[in-house]
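[1] Here's my sequence, what's the structure:
(one chain, ligands or ions: 1)
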Amino acid sequence: MRGADIWLPPRGTVICPASAIEHDETRGFVLTASDSVPNIATDKDKRLDMFIWHTQGHFYGFVNSCPHLGLPLETFPDRFLNAMGNALICSAHGAQFDATGACFAGPCSGDNLIRLELALVPQPADPSDAAPLDASLKAGSPPQNAAAHADKNIVLIGLLAHS
Ligand code: FES
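    Below is the predicted model:
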């Protein structure tokens, strides 16, 4: 799967509260058009299968598609880490990835997962209010303690180009 083939919901679509993903854990999500645009019929092509890894004080987002054969990485829901818990692993053929999405072991070594740019935004007092994006709180910025995430939502910005 290439970046150009990926459907994305509108910038700023809320994925989940930051508190929903414990540190050193992963969680999978499927976003559809109906998540971001109320009352629209879900188009099967408008679907983003993704996951987030909370590690080293950051939230890292990825498209759930292995660069080897394009399969989803996990066999069991929300289980994207290897036995050591220090790398992502594809359950199909064992490719392993670091937090940048780079494959360092397995059949697609040297290739990369497609990364997603995430941001942390304050949770609105009224859930129907849209929260403004705060660039200073983008995932990937300096680590913050867990308490700093307690009242934040994780939102999707878009695809993140590899540096
Ligand atoms: S499909 Fe992921 S390692 Fe083969």
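[2] For the protein, which segments count as helices?
    With helices called from DSSP state H, the chain shows them at 33-36, 146-149.
[3] can you list the weak-confidence ranges in this protein?
    Residue ranges of the chain with pLDDT under 70: 1-4, 35-44, 126-148, 162-163.
[4] any idea which residue sits dead centre in it?
    For the chain, the residue nearest the mean C-alpha position is Gly61 (2.5 Å; C-alpha atoms, centre = their mean).
[5] Surely that residue touches Leu48?
    No - with contacts counted by C-beta atoms under 8 Å, Gly61 stays clear of Leu48, the gap being 10.2 Å. C-betas here are computed from N, CA, C, even on glycine.
[6] and this protein, which residues reach the ligand?
    Selection of the chain residues close to the ligand by C-beta under 6 Å from any ligand atom yields 66, 68-69, 71, 90, 92-93, 95, 106-107.
[7] Those: which two are farthest apart?
    Leu71 and Gly106 (12.5 Å; C-beta to C-beta).
[8] Between those two, which is the more surrounded one?
    Looking at Leu71 and Gly106 with other C-beta atoms under 10 Å, you find the greater number of neighbours at Gly106, namely 18 against 13.
[9] Skipping adjacent residues, who's closest to the more buried one in space?
    Ala95 (3.1 Å; C-beta to C-beta, 6 or more residues apart in numbering).
[10] Leu73 too?
    Spatial nearest neighbour of Leu73, excluding adjacent residues (C-beta to C-beta, 6+ apart): Cys90 at 4.5 Å.
[11] what about burial for the residues of the chain next to the ligand, which qualify?
    Listed as buried from these are 66, 68, 90, 92, 95, 106; burial here means 16 or more other C-beta atoms under 10 Å.
[12] ok, the last one - contacts?
    This points to Gly106. Each residue near Gly106 by C-beta atoms under 8 Å, 6 or more residues apart in numbering is listed here: 68, 90, 93-96.
[13] Widest-spaced pair of the residues you listed?
    With distances taken as C-beta to C-beta, the most widely separated pair in those is His68 and Gln96, at 11.3 Å.
[14] any common contacting residues for the two?
    Residues within reach of His68 and of Gln96 at once, by C-beta under 8 Å, 6+ apart, are 90, 106.
[15] Which residue ranges of the protein form strands?
    Ranges of strands in the chain, per DSSP state E, are 13-17, 25-32, 47-55, 58-63, 88-89, 96-97, 103-105, 115-122, 152-160.
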